[in-house]
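Novice: Build the 3D model from these lines:
(one chain, ligands or ions: 1)
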Amino acid sequence: MTFPVDTLGRPIHDLRISVTDRCNFRCTYCMPKEIFGRDYEFLAREQLLSFEEIERVSRVFVRAGARKIRLTGGEPLLRKDLEHLISLLSAIPDVEDLTLTTNGSLLARKAEALKAAGLNRVTVSLDSMDDTVFMAMNDVGFPVQKVLDGIEAAAAAGLSPIKINMVVKRGMNEDSVVDVAEHFRGTAHVVRFIEYMDVGTTNGWRLDDVVPGREIVEMINARFPLEPVDPDYRGEVAQRYRYRDGSGEVGVITSVTQPFCGDCTRVRLSAEGQVYTCLFASQGTDLRAPLREGASDGELDAAIAALWIRRGDRYSEIRTSQTVSIKRKVEMSYIGG
Ligand code: SF4
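Specialist: A predicted model of the protein is given here:
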């Protein structure tokens, strides 16, 4: 079978599916309250792809080469009966990895059911170990301990290896880097430190807000010596490091200071069925209309192949202060990061 490759020779490997644009947090870098307030109009139920529609589209992408599926949001665990979707997706042959990114708030309650439905593992966002900092970032007063309870429940349910994602923003939580590393050192969980990115247009991003991955590694290395590890597979976004004393591993995702577009094999599906070939795209391609108008599998396969072979995205490699402010980009809360 031949799979489509884009104009830069990149195949499709990772499919990221947003199942809702809603979230119960208001992280200042993602869904700032001033914009996503009471009057904000989220997608209506009938606009969302149904679970059966998501399954059908997923099969199209798997036929086009995708082997990894990640569910995102908003906060994916807010979507009712998500376990049902997971059981549909876990039955698709050739899906090698089925995972989910969550803020962890509902994980303690849901971990077992998610595992039973066929989810392999989870990635949990956690931006600090310090309640004051964490609450200021999530902006809804959510405490660290509840996220830790979720992580523990996920580990107990066997949703591992668990990854912990920490977005590092200058002046906001850089002092938490070593604390978070220390907390998870000696566990099987892998913390990934993510450079703060200019996703969307609502978070007022500035280059000065970015703490470069190099600096993050230096901070941790000064306290707990690290050494680099080779990537696992083409397209792996995190640069990996392990503690020299054997007490585990961390990663840094340097999308701003050392972009990795050359190996970007990710495609994103929004909750309403728009396909985005880059996190920084301003426009998607609608799949919901053809789906609901009765397109055949062959027609959907052809539509995805045609879209992918035209793809030339490499936003992070061509980012300048101008692209940041001029280009209209899809919001992270809509497309799932
Ligand atoms: S900027 Fe776009 S093409 Fe580059 S790595 Fe990110 S999602 Fe992929």
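Novice: where does the chain have low pLDDT?
Specialist: Residue ranges of the chain with pLDDT under 70: 201-203, 235, 320-328.
Novice: redo that, cut-off 80
Specialist: Across the chain, the ranges flagged by pLDDT under 80 are 1, 198-205, 232-236, 319-329, 331-332, 334-337.
Novice: interface residues of it facing the ligand?
Specialist: Contact residues, the chain versus the ligand (Cβ under 6 Å from any ligand atom): 260-261, 264, 266, 278-280, 313-316. C-beta: built from backbone N, CA, C; applies to glycine.
Novice: Dump those to TSV, plus neighbour count.
Specialist: As requested, the residues of the chain next to the ligand are arranged in TSV below (neighbours: other Cβ atoms under 10 Å):
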residue	neighbour count
F260	18
C261	18
C264	25
R266	21
C278	20
L279	22
F280	23
D313	20
R314	18
Y315	18
S316	21
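Novice: And the furthest pair within those?
Specialist: For the residues of the chain next to the ligand, with distances taken as Cβ to Cβ, the pair at the greatest spread is F260 and F280 (13.3 Å).
Novice: quick one: which of the residues of the chain next to the ligand sit in strands?
Specialist: Residues of the residues of the chain next to the ligand located in strands (DSSP state E): R266.
Novice: Can you tell me which of the residues of the chain next to the ligand is nearest K163?
Specialist: Nearest member of the residues of the chain next to the ligand to K163, counting by Cβ to Cβ, is R266, at 15.7 Å.
Novice: Give me the phi and psi for the closest residue to the closest one other than its chain neighbours.
Specialist: Nearest non-adjacent residue to R266, counting by Cβ to Cβ, 6 or more residues apart in numbering: D14, 4.5 Å away. Phi and psi for D14, reported as degrees, to the nearest 10, are phi -110, psi 130.
Novice: Run through the strands of the stretch 1-150 of the chain in chain order.
Specialist: Along the stretch 1-150 of the chain, the stretches classed as strands by DSSP state E, counting those that start in this stretch are 14-18, 68-72, 97-102, 121-125.
Novice: Would you mind giving those as JSON lines with distance to R45 added?
Specialist: Formatted as JSON lines, the strands of the stretch 1-150 of the chain follow (distance: least, Cβ to Cβ, whole Å):
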{"stretch": "strand 14-18", "distance to R45": "15"}
{"stretch": "strand 68-72", "distance to R45": "18"}
{"stretch": "strand 97-102", "distance to R45": "21"}
{"stretch": "strand 121-125", "distance to R45": "25"}
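Novice: Which among those strands is found nearest to F224?
Specialist: That would be, of those and by Cβ to Cβ, strand 121-125, which comes in at 21.0 Å.
Novice: Going by residue numbers, what spans are helices in the protein?
Specialist: Taking DSSP state H, the helices of the chain run over residues 51-63, 82-90, 107-117, 131-138, 144-157, 177-184, 213-223, 288-292, 297-310, 315-318, 321-326, 332-335.
Novice: Mean neighbour count, those helices: which tops it?
Specialist: Highest mean neighbour count among the helices of the chain (mean count of other Cβ atoms under 10 Å): helix 332-335, with a mean of 25.
Novice: residues in contact with it?
Specialist: 16, 18, 21, 23, 30-31, 36, 72-74, 199-200, 268, 270-271, 276, 279 (Cβ atoms under 8 Å, 6 or more residues apart in numbering).
Novice: Next, the contact list for V133, please.
Specialist: 127, 172-173, 175-176.
Novice: An error on my part: the question was meant for H84.
Specialist: Residues near H84 by Cβ under 8 Å, 6+ apart: 51, 117.
Novice: roughly how far apart are it and the ligand?
Specialist: 29 Å (Cβ to the nearest ligand atom, to the nearest Å).
Novice: Please report the distance of that residue from G141.
Specialist: 31 Å (Cβ to Cβ, to the nearest Å).
Novice: sorry, back to before: the residue nearest to R266 reaches T265, doesn't it?
Specialist: Yes: taking contacts as Cβ atoms under 8 Å, D14 lies within contact range of T265: 5.8 Å.
Novice: Tell me how many other residues crowd the residue nearest to I162 when sequence neighbours are not counted.
Specialist: Nearest residue to I162, sequence neighbours excluded (Cβ to Cβ, 6+ apart): H189, at 4.5 Å. Using other Cβ atoms under 10 Å, H189 has 20 neighbouring residues.
Novice: what residues are up against H189?
Specialist: By Cβ under 8 Å, 6+ apart, the neighbours of H189 are 151, 155, 160-164, 248.
Novice: dump the residue contacts of R314.
Specialist: 8, 259, 261-262, 264, 278.
Novice: Could you dump the residues of the chain next to the ligand into TSV and include distance to E41?
Specialist: Shown next, in TSV, are those (distance: Cβ to Cβ, whole Å):
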residue	distance to E41
F260	34
C261	33
C264	31
R266	28
C278	25
L279	23
F280	23
D313	28
R314	32
Y315	27
S316	30
